[in-house]
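**Student:** Structure of the sequence below:
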Amino acid sequence: MVSNQEAVQIVASTPDRAKSAKRLVECAAHAWRRKRRGIAMDDISAIVLYFHNSDLCQQIYPVYSSK
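**Tutor:** The predicted model follows:
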């Protein structure tokens, strides 16, 4: 229910990394309810992995930066 780009933006804008997967699932569930009214919701799961944790990465990929 959310695009890859939307998922990256949701995760990047979540200040608490421990809560980013939960927020992503909540946003996907909200999008499902908005787009598929009256249709039973499917299971939604998310795992968020952070591969880069440096200021250099934030400079190279500013679109994904939460700063």
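**Student:** Angles on the backbone of the residue lying farthest from the centre of the chain, please.
**Tutor:** Here the chain has its C-alpha centre computed as a mean, and the residue farthest from that point, by Cα atoms, centre = their mean, is G38 with 24.4 Å. Here is the backbone geometry of G38 (degrees, to the nearest 10): phi 80, psi -10.
**Student:** For S13, see how far away K19 is.
**Tutor:** Between K19 and S13 the distance is 12 Å, computed by Cβ to Cβ, to the nearest Å. Any C-beta I mention is one placed from the backbone N, CA and C, and that applies to glycine too.
**Student:** Packing partners of the helix or strand that contains Q9?
**Tutor:** With elements delineated by DSSP states H and E, Q9 resides in helix 4-12, which encompasses its position. Packed against helix 4-12 by the contact rule (3 or more Cβ pairs under 8 Å, 6 or more residues apart in numbering; DSSP states H and E) you find helix 20-35.
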